[in-house]
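A.B. asks: predicted model and sequence below, questions to follow.
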Amino acid sequence: MQPVHDLGGLPIHDPVDRNEHPYTFLEKRIDAMMRLLYGPCALFKVDEMRRAIESLSPEEYEHLTYYQKWLKAMRALLLEKGVLQEGELEKRIDAVQARMEAERRDTTPLKPHIEGRK
Amino acid sequence: MSAGHPAFQVGQRVRVLTRQPTGHFRTPGYVRGRVGVVQHLTGAYLNAETLAHGGDGRPPLMMYRVQFQQPALWPDYAGPATDTLVVDIYEHWLEPAPGDPQPPQQEPRP
């Protein structure tokens, strides 16, 4: 079977959008994480990243954005190498979401950040 | 097949193998089974196929810059017939083009 990423010569539904867009904050963050993980942390090699991206399901490969694929691949590799445990990220995401929800409901007026200055 | 003694020379016609291993590999599907000409020997590189699965990529493998005629790759190619495409391909993905005389084997140096 043709690997999911090996698309050269296959028909496409829509032409490739060749327009550049400014990187979002999230995209920059994902890029920074990846560079840390395979650079200073040396937890995996760029070839392993490629393999993890190519291991996405055809549906994921088609619909995820470029950096979403990176994120999925990083998660898979960190689980594979035992850096993260199954469910650990999800627990953390739940905790952060709960905290954000609590903050959203908190109607206490914000204290001014800078006091005693004119 | 070792990096020190390239199996193919510049100008030699080579065919890309049609194997389909599981796991990561760097040979695009559209050149599999196609015949091209070695344009340049780029040197020996660690094997991405084992690097991708946690290995050390050794031994390094010779990499070839192989030139293909575009119309030979795409049945409905609309560009000029002289257009070519160049792909970097690891040695273990190549074989001599069928029907071509085998180049004389060099004696391995000690």
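C.D. replies: Yep, it's here. Fair warning: this is a prediction, and the values are worked out from it, not measured in the lab.

A.B. asks: what sits up against the longest helix seen in chain A?
C.D. replies: In chain A, with assignment by DSSP state H, the single longest helix is helix A:88-105. Applying Cβ atoms under 8 Å, 6 or more residues apart in numbering or on different chains, the external contacts of helix A:88-105 come out as A:Arg75. Heads up, the C-betas are built off the backbone N, CA and C, glycines and all.

A.B. asks: how far does that helix sit from the chain's center?
C.D. replies: Here the centre of helix A:88-105 is set off from its chain's centre by 17 Å, with Cα atoms, centre = their mean, to the nearest Å.

A.B. asks: what residues does chain A put near chain B?
C.D. replies: Remark: the part of chain A in contact with chain B comprises A:1-3, A:6, A:8-9, A:45, A:47-48, A:50-51, A:54, using Cβ under 8 Å from any Cβ of the partner chain.

A.B. asks: most widely separated two among the residues you listed?
C.D. replies: A:Gly9 and A:Lys45 (28.3 Å; Cβ to Cβ).

A.B. asks: the helices in chain B, which residues?
C.D. replies: Assignment of helices within chain B using DSSP H yields the ranges B:48-51, B:70-73.

A.B. asks: which of these sits most buried?
C.D. replies: helix B:48-51 (a mean of 20; mean count of other Cβ atoms under 10 Å in any protein chain shown).

A.B. asks: ok, that helix near chain A or not?
C.D. replies: Yes. Judged by Cβ under 8 Å from any Cβ, helix B:48-51 comes into contact with chain A at B:48, B:51.

A.B. asks: so what's the residue nearest the centre of chain A up against?
C.D. replies: What sits nearest the mean C-alpha location of chain A, by Cα atoms, centre = their mean, is A:Leu71, with 3.0 Å. Residues counted as contacts of A:Leu71 (Cβ under 8 Å, 6+ apart) are A:Ile30.

A.B. asks: next one: the one 10 residues further on
C.D. replies: The contact partners of A:Lys81, taken as Cβ under 8 Å, 6+ apart, are A:43-44.

A.B. asks: can you tell me how far it sits from B:His5?
C.D. replies: 36 Å (Cβ to Cβ, to the nearest Å).

A.B. asks: before we move on, what about A:Gln68?
C.D. replies: 44 Å.

A.B. asks: neighbour count winner among these two?
C.D. replies: Taking other Cβ atoms under 10 Å in any protein chain shown, A:Gln68 and B:His5 do not tie; A:Gln68 has more neighbours (15 against 12).
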